[in-house]
Every structure is written in structure tokens, then in C-alpha cells.
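**Q** Any chance you could fold what I've pasted below:
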Amino acid sequence: MRRYETIFITHPDLSKESLLELQEKLNSIMTSWKGDLIKLDDWGTKKLGYGIRKNTRGHYFLLDYLAAPELVRELERNLRLNDGVLKFQTVKIGDQVSADAAKKLKEEASADKSIKVSDRPSLPGDQLAIESKKEEGELVESEGEKKNETSS
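**A** I've put the predicted structure just below:
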């Protein structure tokens, strides 16, 4: 089996039930085609770089898995047929991953879930990162003002 990553963007107004239904559908495809899901990350709603079907925002997901090429074709076919999915792209990460390496990847992915939102790198257009930068800038300015006041 090879390692793949699929990033897909869904319509920002999809209900949680629709998103869960899509995730369950992808999981069922994964199990029926004997794929091995490493992780499914929900990146949240972000601003798109350009409009897609009159949408300026989209809900991003990252799917990391081990699979045969046939499973990738089936997964992409289902994403293409789903009206809630705006865009998707699959990238092959590695060739022929052994069972031991697959087990290690799953363990690393489960350990990764303990990372806090503040620990992750900021992405362009990420509202949390923008707000935290503003707060840090205000703190730096207020410290600079204090230095100026004490030297006067």
C-alpha cells in the first residue's frame, strides 16, 4: 500500500450532520477497499484564495491514509459526485509502506491530537492567528510605552 493525503474543501454552510455523513461515507469506502486511515483532520472554515462556485469561504479537511491506487480513484469519484465538496486534491506521499511503518504512523497521528490550537503554525487568512498577532502587537506596544514613560 502507498501513503496518500487528500485535502478537500466543503461548502461552508453544510450542517454538522452532512459533514458527519460525508466522513462516515469516506470511512466506509476506506474499509470496503481495505485502506488504512491514519488521520482525518478538520481544519475548520477558512477564506478561499479565490471564489469557487460563488463561495468565498470553505471548510477544509485533510485525509491521511494508506491505500491501493484503486481506492484513491473510488474516493475521488465519490468526492466528485458529492455536491457539498467544492474542491479536492490527492497527493501520493510515499511508495510501499510496510505494516510496521503503518502502525508507527497511526501512533504518531494519535499522539499529534494532543497539540493545542495555539501550538500549530498559522496559515494565511487564519483568523485565530491574526487575532493573536494583534494581541501580541498590543502587548509589545504597551511595553514600549512603559519604557518610554520610565525614561522620561
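**Q** For the rest of this, base every contact and every neighbour count on C-alpha atoms.
**A** Will do.
**Q** Tell me who's in contact with the closest residue to residue 35 other than its chain neighbours.
**A** In this structure, residue 35 finds its nearest non-sequential neighbour in residue 67, 4.6 Å apart by C-alpha to C-alpha, 6 or more residues apart in numbering. For residue 67, the contacting residues are 1, 2, 3, 4, 34, 35, 36, by C-alpha atoms under 8 Å, 6 or more residues apart in numbering.
**Q** could you measure residue 67 against residue 28, distance?
**A** Note on residue 67: its distance to residue 28, by C-alpha to C-alpha, to the nearest Å, is 13 Å.
**Q** Go ahead and confirm residue 29 touches residue 75.
**A** Yes - counting by C-alpha atoms under 8 Å, residue 29 touches residue 75, with 7.0 Å between them.
**Q** Tell me what the residue nearest to residue 35 is bridged to.
**A** Beta bridges link residue 67 to residue 2 when assigned by DSSP bridges.
**Q** what secondary structure does residue 80 sit in?
**A** Under DSSP: H, G, I helix; E, B strand; the rest coil, residue 80 falls in the helix class.
**Q** Could you point out which residue ranges in the protein have low pLDDT?
**A** Counting by pLDDT under 70, the chain has low-confidence residues at 97-152.
**Q** and residue 86, what is it in contact with?
**A** Neighbours of residue 86 in contact, by C-alpha under 8 Å, 6+ apart: 8, 9, 10, 11, 52, 53, 58.
**Q** Check the gap between it and residue 74 for me.
**A** 17 Å.
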